[in-house]
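# no letters, just coordinates:
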């Protein structure tokens, strides 16, 4: 599967993927958020609940609060992580498209199909980093574009509970 996703150069030198401007910062923010919130959730919920309640019968009145906290956690994860994941994908795809354009020696083109418009980014409007990518996505497509695929991030959050 990695043969289809990575070029031969990327397979030989995988660290070069993170040279893409903004991608390392987005990945770092993603990891810091996930690790930080896992630690906080473990401290506040697991440690506190296990210390106060020795059996499930004593905890039964607090189950709605626990379920609410889990739902809040999943929603918060989706709100924070989805834009980071969209930005990481856009930065990665742009780097791939720049490599393809350089290999083909052709300028970016616009192709109109039956119900879609495909346009590769040009050098003038390329993403130059994390902030630039977020700003251009919001300007061109609106805030909703940053939350495409939120359900997938929420699903991942549910799996980690």
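Thanks, I have the structure now. Just so you know, these numbers come straight off a predicted model, no measurement behind them.
# please enumerate the helices of this structure.
2-5, 8-12, 23-41, 48-52, 56-59, 63-104, 130-141, 150-159 (DSSP state H).
# is it possible to get JSON lines of the ones you listed that adds mean pLDDT?
Shown next, in JSON lines, are the helices of the chain (pLDDT from 0 to 100):
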{"stretch": "helix 2-5", "mean pLDDT": "70"}
{"stretch": "helix 8-12", "mean pLDDT": "75"}
{"stretch": "helix 23-41", "mean pLDDT": "88"}
{"stretch": "helix 48-52", "mean pLDDT": "67"}
{"stretch": "helix 56-59", "mean pLDDT": "72"}
{"stretch": "helix 63-104", "mean pLDDT": "78"}
{"stretch": "helix 130-141", "mean pLDDT": "91"}
{"stretch": "helix 150-159", "mean pLDDT": "84"}
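# tabulate those helices in CSV, adding columns for mean neighbour count.
Glycine gets a C-beta too; all of them are placed from N, C-alpha and C. Output for the helices of the chain, formatted as CSV (neighbours: other Cβ atoms under 10 Å):
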stretch, mean neighbour count
helix 2-5, 8
helix 8-12, 11
helix 23-41, 15
helix 48-52, 10
helix 56-59, 10
helix 63-104, 16
helix 130-141, 15
helix 150-159, 15
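# so the most centrally placed residue in the chain versus residue 68, what's the distance?
The chain has residue 85 as the residue nearest its centroid, 1.4 Å off, counting by Cα atoms, centre = their mean. Counting by Cβ to Cβ, to the nearest Å, the gap from residue 85 to residue 68 is 25 Å.
# quick check: the closest residue to the residue nearest to the centre of the chain other than its chain neighbours vs residue 77, distance?
Setting aside the residues directly before and after it, residue 85 is nearest to residue 153 in space (Cβ to Cβ, 6 or more residues apart in numbering), at 6.3 Å. To residue 77, residue 153 is 7 Å away according to Cβ to Cβ.
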